[in-house]
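1. Predicted model and sequence follow; I will ask about them next.
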Amino acid sequence: MVGMARRHHPPLASAVRPFNWVLRTWGVLVGLGALYVGMLAAARGSWSIVITTLIMAGGFVALTWMHPMSLWFVPTLVGLGILVAILLRSLTIAAIVAATTGMVVWSRLRPLRGGGARVDPNKIVIDEPDAVMKNARAFVDEFEAAGFEQVGAVRFSFGPIEVVESLLISPDGLSYAAVTDSIVHLTSLFSGGRGLVTRNSDHMVLPDYLLVDSVAGGTPTELIESHAMSLVLLAERDHYPIPVAASELPQIAIKSERAAIAWANTNRHAARGASGRGPLWSRRGRYEQIDAWHGVGPTDPPDA
């Protein structure tokens, strides 16, 4: 059985990690300051100030140390903002909280709907065969320890962020891994342009011709195990992956990325519900989802 992932979200992209650590440091300092204020208030017997200070500081510290994609992030932000607005009796603070919450929700939904618009499909290019993105080496090493071999890499820009995606092929040639510093996925190709994608993220909506197997926050080892179990499940329905030639993998990856971007740009309001969440092999209605997946395919399927 696949072990439970230690995390529920993929690591943050390298580009935002310094900013995130600044926020966390700020949160710790605010927490320490609040403890000091609370101690002074307690010495004077002002217990209402003690409770209010600790609640506000605790909420702020929790917010700065919470993963931005956590289900608790928005409720904590809203609760903290409402508490501050009530205590200060300020409509301005309430308006700021509402605007901030709206921006956070929008930023979280944007990748789910039409996120491909941030990537220019014509600027996805082949990189050096051994290229690895900063902070992605541990992922690549873990795949290689499992017998995968890096055979290429592609490069593209996601907004202002330059992304390198290392490509590794499995020992049997029936799947390949695409590795960045944050998002990792394992793909097997099937007839009709379909594919099985095991990923460490549970947020991005993918085209219907890609059957999603999510191990949110999973390690490469956990992704490999879950992918293998999902392939067994597909074999029960007589669906078998197509071998991938190592020399063709960079071009296959580029074509796959471009097809997904084209789909995203024409399906901006697409939304996948709970059926696309969690490991495929343990999901309710998995056989029905497999049968539905078998009936669709991209207009221009990737070469196998």
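-> Thanks, I have the structure now.
2. quick one: the strands in the stretch 151-300 of the chain?
-> Along the stretch 151-300 of the chain, counting by DSSP state E, counting those that start in this stretch, strands occupy 161-169, 176-179, 184-189, 195-199, 210-214.
3. Export those to TSV and append columns for mean pLDDT, distance to Trp26 and mean neighbour count.
-> Quick note: C-beta positions are derived from backbone N, CA and C, even for glycine. What follows is these, written out as TSV (pLDDT from 0 to 100; distance: least, Cβ to Cβ, whole Å; neighbours: other Cβ atoms under 10 Å):
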stretch	mean pLDDT	distance to Trp26	mean neighbour count
strand 161-169	93	23	21
strand 176-179	96	31	25
strand 184-189	96	30	25
strand 195-199	95	32	25
strand 210-214	93	32	26
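4. show me the contacts for the residue found closest to Ala57 once you drop the neighbours it is linked to in the chain.
-> Using Cβ to Cβ, 6 or more residues apart in numbering and skipping residues adjacent in sequence, the residue nearest Ala57 is Ala34, 3.0 Å away. By Cβ atoms under 8 Å, 6 or more residues apart in numbering, the contact set of Ala34 is Thr53, Leu54, Met56, Ala57, Gly58.
5. tell me the pLDDT at Gly59?
-> For Gly59, the pLDDT comes out at 72.
6. if I read this right, Asp181 contacts Ala138, doesn't it?
-> No: the pair Asp181 and Ala138 does not pass the contact test of Cβ atoms under 8 Å, sitting 9.6 Å apart.
7. neighbour count winner among the two?
-> Between Asp181 and Ala138, counting by other Cβ atoms under 10 Å, Asp181 is the more crowded of the two (24 against 13).
8. and that one, what does it touch?
-> By Cβ under 8 Å, 6+ apart, the contact set of Asp181 is Pro11, Ala13, Ser14, Met133, Lys134, Asn135, Ala136.
9. and if you look at Glu149?
-> Neighbour list for Glu149: Leu168, Ile169, Pro171, Ala246 [criterion: Cβ under 8 Å, 6+ apart].
10. do Phe143 as well
-> Contacts for Phe143 (Cβ under 8 Å, 6+ apart) come out as Leu168, Ala177, Val179, Pro220, Ile224.
11. ok so, going back, remind me which helix or strand the residue nearest to Ala57 belongs to.
-> Element membership for Ala34, per DSSP states H and E: helix 17-43.
12. Off-centre distance for that helix?
-> 29 Å (Cα atoms, centre = their mean, to the nearest Å).
13. ok, now stretch 246-253?
-> On the basis of Cα atoms, centre = their mean, stretch 246-253 sits 23 Å off its chain's mean C-alpha point.
14. which residues touch Ile49?
-> Val37, Gly38, Ala41.
15. Quick check, pLDDT for His227.
-> Looking at His227, its pLDDT reads 97.
16. which regions of the stretch 201-304 of the chain lie under the pLDDT threshold?
-> Along the stretch 201-304 of the chain, the model assigns pLDDT under 70 to residues 268-276, 296-304.
17. Please, where are all the helices along the stretch 151-300 of the chain?
-> Residue ranges of the helices in the stretch 151-300 of the chain, as given by DSSP state H, counting those that start in this stretch, are 220-236, 249-266, 286-294.
18. let me redo that: the stretch 1-150 of the chain
-> Counting by DSSP H, counting those that start in this stretch, the helices of the stretch 1-150 of the chain are 17-43, 47-65, 73-88, 91-109, 137-145.
19. Nearest to Glu288 among the contacts of Asp181?
-> For those, the residue nearest Glu288 by Cβ to Cβ is Pro11; the value is 33.2 Å.
20. Please name the nearest non-neighbouring residue to that closest one.
-> Nearest residue to Pro11, sequence neighbours excluded (Cβ to Cβ, 6+ apart): Ser182, at 5.5 Å.
21. ok now stretch 223-231, how far from the chain's centre?
-> Computed by Cα atoms, centre = their mean, the chain-centroid distance of stretch 223-231 equals 18 Å.
22. what residues does it touch?
-> With Cβ under 8 Å, 6+ apart as the contact definition, stretch 223-231 has outside contacts at 2-3, 143, 146, 174-175, 177, 184-186, 188, 196, 198-200, 211, 213, 215, 218, 241, 279-281.
23. Tell me what the closest residue to Gly278 other than its chain neighbours is bridged to.
-> Spatial nearest neighbour of Gly278, chain neighbours left out: Ser214 (5.8 Å); criterion: Cβ to Cβ, 6+ apart. When bridges are called by DSSP bridges, Ser214 pairs up with Arg199.
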